[in-house]
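In: Need a 3D model of the sequence below.
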Amino acid sequence: MKSNYFVFLCGLRDFHAIDWLRSFEKNCPDYQYVIICDTIEAEGEKSLIRKHDLVERLIIIDKLLFKSKSKFSNLFRNGLKFILTPIQLFILYFKVKKYNNPIVFANGAYFVFLASILNIKFVANPIGSEILIRPFESAFYKFFLKRSLQKASLITLDSYKMQSVLKELCNLDSVVIQNGIDLSRILSFKNTVSQDKINNIRSQYTSVRAIAPLYNIDKIILARNSSIYKNLKIDFIYPFYDLKYKNRWFELLSIGDSDLGRLDDVNYYRQLSISKVVFSVPSSDASPKSVYESIFLGCVVVVKKLEYLEILPMAMRVRIVVVDLDNDNWFDEAIIKADIILKDDFIPDDESLDFVNRDVSVKKLFNLISEVYE
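Out: Below you'll find the predicted structure:
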């Protein structure tokens, strides 16, 4: 008998996983959704749980973690998870069993690892850095990643770069499903504000990525401080931060720069709607939701050249300025180019609407999952 339960293995502060959960809830309402988690709210990150969510807990490790993220805290967290694996597996086995062979959607390498040991049917959904960075840093990690993903009934990724790297590293097949954005909410937000009013009040410059080395926030700050636009003020929005990294580089912020932290959706959309330029220059990226959201809310986005740019629809690509961070004048050149692009409004075409629409993505993913669980 087919179960009507859909189990998400993830932390309650994993915004990528929770985005997928909300999209499945919206587009596949015939299922009951269950979250099985080992973290709720820790390391400076808030829980994304809602009142209606059905949550099952493994051993919650929040109180054992540090108050913020750093390289050491990441190592400590991963070590703690590894030590607790036997106990977590025991609990997880009974949690999953009581839902009578549910669809299991394992988010992130650790939960993929747990699911693979239980010898159950599951869908694996690793994140970008787990494929693009960590296997090249640790042979130990690479070994366990390959062994875990081999047990998955379906592997879903959000970029073709991830797909090609996984094939090269582990000789495993996967499917690419764009994360997408909540297009209906963004369009609804835009409809509540006059477009002329938005265009007239665009004045901000915003960084939207985490304050951590991968995202090159230091290079944004240093480039601005040494540019002809050194008086330009930047607002920093970020889902999480590395405390040591943040303390070091935020000392160089100028008077007028704003540390906005993590915003709720409405205030996040509002910030983008008054921004001229958004900076997103990580060293590695898969399918960056924040870039897509920024474009659809009318910004010009400054990015580093990465593979995902090659598959963007042209209407979106023309709203992007690609920079070389090794070029001493990249910041000045980006601002000049952005001002030219901003003379025209962003008008999405059908290809762009289909490309970013998370509802379209989740329906494709659900059809693939349904085939696996037939």
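
In: what sits against A124?
Out: By C-beta atoms under 8 Å, 6 or more residues apart in numbering, the contact list for A124 reads 106, 112, 115, 148-149, 152, 154-156. Placement of C-beta: from N, CA and C, glycine included.

In: Any buried residues in whichever helix in the chain runs longest, and which?
Out: Ranked by number of residues, the top helix in the chain under DSSP state H is helix 71-97. By 16 or more other C-beta atoms under 10 Å, the buried positions in helix 71-97 come out as 73, 77, 81, 84, 88, 91-92, 95-96.

In: what about the strands in the stretch 151-300 of the chain?
Out: Using DSSP state E, counting those that start in this stretch, the strands found in the stretch 151-300 of the chain span residues 154-157, 175-176, 204-207, 235-237, 258-261, 275-280, 300-304.

In: Just send the ones you listed back as JSON lines, with mean neighbour count and distance to I120 too.
Out: Shown next, in JSON lines, are the strands of the stretch 151-300 of the chain (neighbours: other C-beta atoms under 10 Å; distance: least, C-beta to C-beta, whole Å):
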{"stretch": "strand 154-157", "mean neighbour count": "22", "distance to I120": "13"}
{"stretch": "strand 175-176", "mean neighbour count": "15", "distance to I120": "20"}
{"stretch": "strand 204-207", "mean neighbour count": "22", "distance to I120": "41"}
{"stretch": "strand 235-237", "mean neighbour count": "21", "distance to I120": "38"}
{"stretch": "strand 258-261", "mean neighbour count": "14", "distance to I120": "38"}
{"stretch": "strand 275-280", "mean neighbour count": "24", "distance to I120": "37"}
{"stretch": "strand 300-304", "mean neighbour count": "23", "distance to I120": "39"}
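
In: Ok, which of these comes nearest E45?
Out: strand 258-261 (10.5 Å; C-beta to C-beta).

In: For that closest one, which strands pair with it and how are they oriented?
Out: strand 235-237 (parallel) (DSSP bridges).

In: how distant is the strand it pairs with from the center of its chain?
Out: Chain-centre distance of strand 235-237: 17 Å, with C-alpha atoms, centre = their mean, to the nearest Å.

In: Touching that strand from outside, list them.
Out: Residues outside strand 235-237 that contact it (C-beta under 8 Å, 6+ apart): 204-208, 211, 217, 257-263, 268, 271, 275.

In: One more pass at 7 Å, please.
Out: Here strand 235-237 makes contact (C-beta atoms under 7 Å, 6 or more residues apart in numbering) with 204, 206-208, 211, 258-260, 263, 268, 271.

In: would you turn the residues you listed into CSV with pLDDT and distance to R13?
Out: Formatted as CSV, the contacts of strand 235-237 follow (pLDDT from 0 to 100; distance: C-beta to C-beta, whole Å):
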residue, pLDDT, distance to R13
Q204, 92, 27
T206, 98, 22
S207, 98, 21
V208, 97, 18
I211, 95, 16
S258, 97, 23
D259, 97, 20
L260, 96, 18
L263, 93, 15
Y268, 95, 16
Q271, 95, 21
